[in-house]
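J.: I'd like to go over a predicted model; first the sequence, then the structure.
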Amino acid sequence: MPDQPDVRARELANHLRQRGITDAKVLEAILNVPRDQFVPPAMQSDAWEDRALPIACEQTISQPFMVALMTQELALTGAERVLEVGTGSGYQTAVLSRLAREVFTVERHAALSEAAREMLDGRLKLTNVRYRVGDGTIGWPDAAPFDRILVTAAAPDLPETLFQQLAEGGRIVIPIGSESQQQLNVIDRRDGKPVHFRSVSCRFVPLVGEHGWDGTDRTPRTQ
Ligand code: SAM
């Protein structure tokens with residue numbers, strides 16, 4: 001029955017495997033997080049397709065392939081404390097929570113953060129996610145350093161504030177580029193310096209904040 005979520009979840013996981021997602025734990029997490037519960041009711045029949053979908057506050061729930069790829073690039077072992085900038089629907093957060101020790105997620109829209117918390121803590125009964133409403137480009141200084149940082153919105157550059165909150169030997173995954181097109185950057189912190197070593201093309205909504213894009217005229221702010 002192609003309409004059953006578990007069948008459609010398996011089809012999605014197979015599709016992601018064919019697109020190059022090889023980490024079995026990431027595929028398992030995708031299989032077990034009910035993406036149809038994170039989209040508006042009118043979009044539930046589209047939830048298992050491999051594409052981004054609109055959510056409230058003019059934002060998007062990320063494309064499953066990008067969620068899987070970014071999670072794979074984080075190379076999680078289960079022991080990490082992860083900072084996520086851009087909670088959105090909470091779907092990526094749910095995937096991270098299955099693969100990391102603790103997830104600290106920041107969202108600039110209070111309504112999205114509250115809906116995500118209701119879904120993750122209230123309905124899915126997750127216990128390892130902490131939530132904050134505010135500008136994630138300044139990070140979460142009182143919980144730093146983090147073993148991994150994932151930015152789920154497009155930045156004009158690597159925010160130095162976030163890099164400073166990354167533990168030595170840690171990794172940040174972040175889309176960097178113009179507002180219309182970015183590269184997914186995978187950046188390790190080695191001897192206190194950023195080492196960029198991989199990227200693919202991608203397209204995200206803008207990271208709006210003190211160390212991101214200006215929210216009104218969309219010029220990059222200086223760091
Ligand atoms: N991964 C999310 C999901 O699965 O639903 C989608 C994230 S959406 C592509 C990007 C999110 O980043 C949006 O919800 C947006 O409001 C948020 N965002 C943009 N700039 C931000 C900032 N400076 N701090 C926190 N959140 C921010």
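T.: Nice, thanks for sending it over. Residues are numbered from 1 along each chain as shown.

J.: out of everything not next to it in sequence, what's closest to residue 144?
T.: residue 165 (3.7 Å; CB to CB, 6 or more residues apart in numbering). Where C-beta positions appear, they are placed from N, C-alpha and C, glycine not excepted.

J.: how far away is that neighbour from residue 34?
T.: Residue 165 sits 31 Å away from residue 34, going by CB to CB, to the nearest Å.

J.: how far is the strand ranked longest in the chain from where the chain is centred?
T.: In the chain, taking DSSP state E as the definition, the longest strand is strand 166-177. A distance of 12 Å separates the centroid of the chain from that of strand 166-177, by CA atoms, centre = their mean, to the nearest Å.

J.: which other helices and strands does that strand contact?
T.: helix 64-74, strand 146-151, helix 160-164, strand 182-190 (3 or more CB pairs under 8 Å, 6 or more residues apart in numbering; DSSP states H and E).

J.: identify the residues contacting it?
T.: Applying CB atoms under 8 Å, 6 or more residues apart in numbering, the contact partners of strand 166-177 are 70, 73-75, 145-151, 153-158, 162-163, 182-192, 202, 204.

J.: pick the most buried one from the helices and strands packed on strand 166-177.
T.: strand 146-151 (a mean of 25; mean count of other CB atoms under 10 Å).

J.: and it, what does it pack against?
T.: Where contact means 3+ CB pairs under 8 Å, 6+ apart, strand 146-151 is packed against helix 64-74, strand 81-85, strand 166-177.

J.: tabulate those (JSON lines), appending distance to the ligand and mean pLDDT.
T.: Below are the helices and strands packed on strand 146-151 laid out as JSON lines (distance: least, CB to the nearest ligand atom, whole Å; pLDDT from 0 to 100):
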{"stretch": "helix 64-74", "distance to the ligand": "6", "mean pLDDT": "98"}
{"stretch": "strand 81-85", "distance to the ligand": "5", "mean pLDDT": "99"}
{"stretch": "strand 166-177", "distance to the ligand": "9", "mean pLDDT": "98"}
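
J.: dump those into CSV; add distance to residue 120 as well.
T.: Conversion of the helices and strands packed on strand 146-151 to CSV gives the following (distance: least, CB to CB, whole Å):
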stretch, distance to residue 120
helix 64-74, 15
strand 81-85, 12
strand 166-177, 20
